[in-house]
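Asker: let me see the structure of the following:
(4 chains)
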2 protein chains.
Amino acid sequence: MKTGNADRMVRIKDIAEKAKVSTGTVDRVLHDRGRVADDVRLRVLKIAKELNYKPNLLARALVKNKSFRLAALIPDPSIDGYWQSPKDGVEKAEGELKQYGIMVTQFIFDPFDANSFSKTADTLDATKFDGILIAPIFYRQSLGYFRQWKQKGVPFVLFNTHIPDYEPLMYIGQDSYQSGFLAGKLLHYGSKEKGTFVVAHIGEDIQNSSHLLHKEQGFKDYFFQHHLEKEHQVLPIDFQGNSSAAVAGQLEEVLQKNPQVKGIFVTTSKANMIAEYLHRKKVEGICLIGYDLIEKNLHYLENGTIDFLINQNPKGQGYYGIYALADHLVFQKKNQPIKYLPLDIITKENLQYYIDADN
Amino acid sequence: MKTGNADRMVRIKDIAEKAKVSTGTVDRVLHDRGRVADDVRLRVLKIAKELNYKPNLLARALVKNKSFRLAALIPDPSIDGYWQSPKDGVEKAEGELKQYGIMVTQFIFDPFDANSFSKTADTLDATKFDGILIAPIFYRQSLGYFRQWKQKGVPFVLFNTHIPDYEPLMYIGQDSYQSGFLAGKLLHYGSKEKGTFVVAHIGEDIQNSSHLLHKEQGFKDYFFQHHLEKEHQVLPIDFQGNSSAAVAGQLEEVLQKNPQVKGIFVTTSKANMIAEYLHRKKVEGICLIGYDLIEKNLHYLENGTIDFLINQNPKGQGYYGIYALADHLVFQKKNQPIKYLPLDIITKENLQYYIDADN
DNA sequence: TTGTAAGCGTTATCAC
DNA sequence: GTGATAACGCTTACAA
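Answerer: From the prediction side, this is the model:
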């Protein structure tokens, strides 16, 4: 039977009394604001440590009572529905943090247009914000802004895509390579006999999207590390075009040439396009794995055409992103530099717990 | 481009001014403390609503500065390692909430001894606590305490096992039935040819553990609902005894009698006992699914003997349990009555994200 | 029935 | 360099 430490919280006042100085002095020491004699400084520091002083975040936030303006640069969900979730997460966090003075302004750009990204980022006057959350899906274009923000001392948090240059306050998101590796496991588990697995890249500029290649590499490495290259051929394919019809045409051809295809791993959130074909043609015996719990995918997950979806908790990315900034600004907690969100394996049977309102 | 609402938070003082009364009166109205004229009451209420007043939780918690004593009734992790995680979760939450005056006293009992449970619960003087978190794994024995606590007005939160009688403040945990259903899916996906699936109950008094039966039922229903009863036989077995040796002996017999066993679903956290046998005997072609990320299971997950573990986020159960009480007591937020935690599917390849320090 | 004022722990602004 | 003191928004004695 263990009891939590019952002693009252140590306050600045306690330190002050013990050090025979005023609270103001203690505060200056604790915050390194200078203008304090060296011996006093050391004494206060020592006592603070002895007493294991922990600031009362409540009181701090209360007195600061400053409002913080955050900017969130998010791709347009009406163009790519995937981004609805991070947006929801941002708004959820905003709602919860409003009482701490957090206000979020959203800057929405076209995820398929690097220009739109730049233009939107240009309208964001960094001097007007205390922190920035951004999905830097265009690497080259992002760098310049990072440099500016760093210079101006505006902290920024990355989500979805990691760009370590210029040291963001934090990165929140996925481990692409490992998710591909996981997809390898899931397809192999479901289809152990000899066969071919297709890695389908759909509707993205592969050259500019290194995370898709990471996924592919992880997938290949699964079979490589398990010495399965002989039995299981991996066949990466770039599907051109963004319509179901275009994908269907190319897929038909692939399947004709490779009748021994046992599984398909879609590296983007477009698994529904493959599923549409498989379902319509009543193709059996091909396992299908994709990413992301978007509406269209869920439909095929529920009717059994898609076996698994790997979920990157996109809502959580937006949510924790805003929280990371708030923790930094309001509570002055320090953040870990990287937070990888779990690779959730979603199937029809456990889906409900991942789309519940408050996740 | 959408901007968060910029207006300053409405304070009690604002309402008071508008209603031409003092803050004290507003406070009394808002907290239903009576002693206030009816017309004033209505006026204040109306204005509060108009202004969309939301109390500043920070300030409230700060001034209350009351310490809350919570009791946590948890099974002994040194007897069943599973309980280490909820215990960790409780302690993590305690650490974070200490500054809000939350103190937790742990009451540890033997999970295999209903008597120990009762004795431990007896030592818990409910009048000394402001809230109770409990894993009520003994149904009959729990009821009496619930009744007492309800009577004394001490809020209690359940985790791991749901007992809706006497309306706990909240239940946090798993959906047993659905997890069995999920296990059915996973085994079937990995082994589609004709065969037998064993449902293994290990080391628990089945009659007293209705959740094990719920798991079994969910598992069976998966095959039933997919019209697979003809191809896939489900064979429930109660393994007697708690040692690996005992389990191995019984398992050997089962496998001899049923050479067509394609998968085993262990309804407890003891999958490692089955795995130990399969691994030692180098049995191939049997998929194995169990519960819970305990040390022994992880070993066999990592060497590939266990294919999947279903994780109920046990740490989260302890963590959210304490938080639920804190939200209620400190912040006076209202809780939802049930929080089902996701059924996480864990495999070797995504394990790392679920055992990371801060999950 | 209502108003006033002290105080929660921290920060920030003064005056010394 | 240092110490007093007023705020932040809310609760709660206590006074009126």
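
Asker: where does A:D356 land on pLDDT?
Answerer: Looking at A:D356, its pLDDT reads 64.

Asker: ok, the closest residue to A:A135 other than its chain neighbours - contacts?
Answerer: Using C-beta to C-beta, 6 or more residues apart in numbering or on different chains and skipping the chain neighbours, the partner closest in space to A:A135 is A:N160 (4.3 Å). Any C-beta I mention is one placed from the backbone N, CA and C, and that applies to glycine too. A:N160 makes contact with A:P86, A:A135, A:P136, A:I137, A:G173, A:Q174, A:P314, A:Q317, according to C-beta atoms under 8 Å, 6 or more residues apart in numbering or on different chains.

Asker: at 10 Å what do you get?
Answerer: Listed by C-beta atoms under 10 Å, 6 or more residues apart in numbering or on different chains, the contact partners of A:N160 are A:74-75, A:82-83, A:86, A:134-137, A:171-174, A:211, A:312, A:314, A:317-318, A:321.

Asker: do the same with A:H328
Answerer: A:F68, A:D130, A:G131, A:P155, A:V157, A:L169, A:M170, A:K334, A:N335.

Asker: assumed it was part of a strand.
Answerer: No. Counting by DSSP: H, G, I helix; E, B strand; the rest coil, A:H328 is not part of a strand but helix.

Asker: now it: how far from A:V154?
Answerer: The gap separating A:H328 from A:V154 is 11 Å, by C-beta to C-beta, to the nearest Å.

Asker: point out where the stretch 151-300 of chain A drops to low pLDDT.
Answerer: A:207-208 (pLDDT under 70).

Asker: let's see that with 50 instead.
Answerer: For the stretch 151-300 of chain A, no stretch has pLDDT under 50.

Asker: mind listing the strands for it?
Answerer: Along the stretch 151-300 of chain A, counting by DSSP state E, counting those that start in this stretch, strands occupy A:156-159, A:170-173, A:195-202, A:232-239, A:261-266, A:287-291.

Asker: mean neighbour count and distance to A:L182 added to those, as JSON lines?
Answerer: Output for the strands of the stretch 151-300 of chain A, formatted as JSON lines (neighbours: other C-beta atoms under 10 Å in any protein chain shown; distance: least, C-beta to C-beta, whole Å):
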{"stretch": "strand A:156-159", "mean neighbour count": "27", "distance to A:L182": "20"}
{"stretch": "strand A:170-173", "mean neighbour count": "24", "distance to A:L182": "15"}
{"stretch": "strand A:195-202", "mean neighbour count": "23", "distance to A:L182": "13"}
{"stretch": "strand A:232-239", "mean neighbour count": "18", "distance to A:L182": "15"}
{"stretch": "strand A:261-266", "mean neighbour count": "25", "distance to A:L182": "10"}
{"stretch": "strand A:287-291", "mean neighbour count": "26", "distance to A:L182": "9"}
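
Asker: so for chain B, which of those strands sits nearest?
Answerer: strand A:287-291 (8.0 Å; C-beta to the nearest C-beta).

Asker: what lines up beside the closest one in the sheet?
Answerer: According to DSSP bridges, strand A:287-291 has the following sheet partners: strand A:261-266 (parallel), strand A:308-311 (parallel).

Asker: could the ones you listed go into CSV alongside distance to A:N297?
Answerer: Formatted as CSV, those follow (distance: least, C-beta to C-beta, whole Å):
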stretch, distance to A:N297
strand A:261-266, 9
strand A:308-311, 6
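
Asker: tell me the pLDDT of the spatially closest residue to A:F331 that is not a sequence neighbour.
Answerer: Nearest non-adjacent residue to A:F331, counting by C-beta to C-beta, 6+ apart: A:L57, 5.0 Å away. Per-residue pLDDT puts A:L57 at 79.

Asker: so who does A:F308 touch?
Answerer: By C-beta under 10 Å, 6+ apart, the contact list for A:F308 reads A:182-183, A:186-187, A:189-190, A:265, A:271, A:287-291, A:301, A:344-348, B:186, B:189, B:345.

Asker: hmm, back to that, overlap in contacts, A:H328 and A:V154.
Answerer: Residues touching both A:H328 and A:V154 (C-beta under 10 Å, 6+ apart) are A:D130, A:G131, A:L169.

Asker: who wins for neighbours among those?
Answerer: The most crowded member of the shared contacts of A:H328 and A:V154, judged by other C-beta atoms under 10 Å in any protein chain shown, is A:G131 (25 neighbours).

Asker: DNA strand D next: which of the contacts of A:F308 are close?
Answerer: Checked against DNA strand D using C-beta under 7 Å from any atom of the strand, the contacts of A:F308 give no members in range.

Asker: tell me which of those fall in helices.
Answerer: Here DSSP state H is the test, and the contacts of A:F308 give A:L182, A:A183, A:L186, A:L187, A:Y189, A:G190, A:A271, A:L301, B:L186, B:Y189 as lying in helices.

Asker: could you provide the strands of the stretch 151-300 of chain A in a markdown table, with additional columns for distance to B:L62?
Answerer: Below are these laid out as a markdown table (distance: least, C-beta to C-beta, whole Å):
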| stretch | distance to B:L62 |
| --- | --- |
| strand A:156-159 | 28 |
| strand A:170-173 | 28 |
| strand A:195-202 | 53 |
| strand A:232-239 | 57 |
| strand A:261-266 | 51 |
| strand A:287-291 | 44 |
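
Asker: what's the local residue count around A:P136?
Answerer: By the criterion of other C-beta under 10 Å, A:P136 has 22 neighbours.

Asker: and the residue nearest to it when sequence neighbours are not counted, its phi and psi?
Answerer: Using C-beta to C-beta, 6+ apart and skipping the chain neighbours, the partner closest in space to A:P136 is A:S142 (3.8 Å). Main-chain torsions, A:S142, degrees, to the nearest 10: phi -70, psi -40.

Asker: hmm, A:S142 is touching A:I134, no?
Answerer: Yes. If you go by C-beta atoms under 10 Å, A:S142 and A:I134 touch, sitting 7.5 Å apart.

Asker: hmm, back to that, distance of the residue nearest to A:P136 from A:H201?
Answerer: Applying C-beta to C-beta to A:S142 and A:H201 gives a distance of 22 Å.

Asker: can you tell me the closest non-neighbouring residue to A:D175?
Answerer: Nearest non-adjacent residue to A:D175, counting by C-beta to C-beta, 6+ apart: A:Y340, 5.2 Å away.

Asker: any figure for the gap between that neighbour and A:Y145?
Answerer: Using C-beta to C-beta, A:Y340 is found at 24 Å from A:Y145.

Asker: one more: A:I237?
Answerer: According to C-beta to C-beta, A:I237 and A:Y145 sit 34 Å apart.

Asker: what is the neighbour count of the residue of the stretch 51-200 of chain A found nearest DNA strand D?
Answerer: Closest approach between the stretch 51-200 of chain A and DNA strand D, counting by C-beta to the nearest atom of the strand: A:V63, at 3.1 Å. A:V63 has 10 neighbouring residues, counting by other C-beta under 10 Å.

Asker: pLDDT at it, what is it?
Answerer: We have a pLDDT of 83 for A:V63.

Asker: next, it: secondary structure please.
Answerer: Three-state assignment for A:V63 (three-state DSSP): helix.

Asker: report the contact partners of it.
Answerer: By C-beta under 10 Å, 6+ apart, the residues touching A:V63 are B:L58, B:L62.

Asker: report the separation between A:I338 and A:D175.
Answerer: Note on A:I338: its distance to A:D175, by C-beta to C-beta, is 10 Å.

Asker: among those two, which residue is more densely surrounded?
Answerer: Shown here are A:I338 and A:D175; by other C-beta under 10 Å, A:D175 has more neighbours (23 against 14).

Asker: can I get the contacts of A:H328 in CSV with distance to DNA strand C?
Answerer: As requested, the contacts of A:H328 are exported to CSV (distance: C-beta to the nearest atom of the strand, whole Å):
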residue, distance to DNA strand C
A:F68, 13
A:D130, 13
A:G131, 17
A:P155, 17
A:V157, 22
A:L169, 19
A:M170, 22
A:K334, 14
A:N335, 18
